[in-house]
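**Student:** below: sequence and its predicted model.
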Amino acid sequence: MGEWVRRQNLAGLFAQGVLRRVCAFLVAILVFFPAVSGARADPLGGTVQRIYDGDSILLSDGRKVRYLGINAPERGQPYSAKSRALNEQLVKGSRVRFELDRQERDRYGRTLAYVWKDGTMVNERLVREGFAHVWVIPPNLKHYDRLLAAQRDARSARRGIWKRLVGDFAFIRASPAGSGRPPFVRVVNVSDREANIEGHGVEDRAGHRFVFPSVIMKPGYGLMLFSAPKPIPGSGWGKDSGQAGGTEGLYWGHPSPSWSSEGETAVLRDPAGRVIDEFRVSSKRRERKRR
């Protein structure tokens, strides 16, 4: 009888030990898994790790974000350092919230977003301070009027980039050939009203000139001018589209491509022949030539 009681007590102690281990294991799981889920990427926000320039950032989880509705100077351009510095001051090391529009990502895989920090839309702040201008990436138009109002305020006060931009149009990019497309320049309406680019001209270093036909663009909208001897069959590039939405454009049927190599210069003139913008061609980033 005594032996039986001793065995029962041992069995009870063993069961209690197993139960304690199981409980400890379950507690560890409950503690661990929330931590794991909290480490997952937040699709509508994140912590800013790096500032590329005034309109693009890198998050701590590796995602790259392109600010919607604006375009800021890139490295090597006037006001690029100040634009980047303001962006860094506003968001670096901070948690930010994303507001998406019609498209979630661009063709480079970057998240397209209106970025918010403590109730401030960072996109709008950069425009209002004169360190970015409105640039529409159709069909993303959710805050078009709001950003345009900020640009109107910055331009009237001649803040930042508006101390040097003198015309209704400016280059956004000049790029040599690559990835199955011909060389091109992208021009945007940087005014606060509809404007006709007719009579404006684009030149290369050799003096070849293309004079734009009548194309009326809304503020922030742009077009692409392709330079190639002929369209590239099946590519969709280099065809006159008659659109000014920043995705397609005009074909310059010049016998030899302009802006075909790094370091070439694209010059934009108004109808009176005055130079209103210049760009050095770059496949990696745009570089505005200092005048």
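**Tutor:** Cool, the structure landed.
**Student:** ok, residue 92 - how many residues close by?
**Tutor:** 13 (other C-beta atoms under 10 Å). Bear in mind the C-beta positions are built from the backbone N, C-alpha and C, glycine included.
**Student:** where's residue 278 relative to residue 79, distance?
**Tutor:** According to C-beta to C-beta, to the nearest Å, residue 278 stands 15 Å off from residue 79.
**Student:** residue 193 and residue 219 touch, don't they?
**Tutor:** Yes: counting by C-beta atoms under 8 Å, residue 193 does reach residue 219; the two are 6.3 Å apart.
**Student:** got the CA positions of the strand or helix carrying residue 145 in CSV?
**Tutor:** Using DSSP states H and E, residue 145 maps to helix 144-156. Extracted in CSV, the C-alpha atoms of helix 144-156 (Å, rounded to 0.1, in the frame of the first residue of the first chain):
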residue,chain,number,x,y,z
TYR,A,144,-3.8,67.4,-57.3
ASP,A,145,-5.7,70.6,-56.3
ARG,A,146,-4.1,70.7,-52.9
LEU,A,147,-0.5,70.4,-54.2
LEU,A,148,-1.2,72.9,-57.0
ALA,A,149,-2.3,75.5,-54.4
ALA,A,150,0.9,74.9,-52.4
GLN,A,151,2.9,75.4,-55.6
ARG,A,152,1.0,78.6,-56.4
ASP,A,153,1.9,79.9,-53.0
ALA,A,154,5.6,79.0,-53.3
ARG,A,155,5.9,80.4,-56.8
SER,A,156,4.2,83.8,-56.0
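**Student:** so what does whatever helix or strand comes next after it touch, helix or strand wise?
**Tutor:** Sequence order places strand 169-175 as the next helix or strand after helix 144-156, per DSSP H and E. Using 3 or more C-beta pairs under 8 Å, 6 or more residues apart in numbering; DSSP states H and E, the elements in contact with strand 169-175 are strand 184-189, strand 265-269, strand 275-280.
**Student:** hmm, try it at 10 Å
**Tutor:** Packing partners of strand 169-175 (3 or more C-beta pairs under 10 Å, 6 or more residues apart in numbering; DSSP states H and E): strand 70-71, strand 184-189, strand 222-227, strand 265-269, strand 275-280, strand 287-288.
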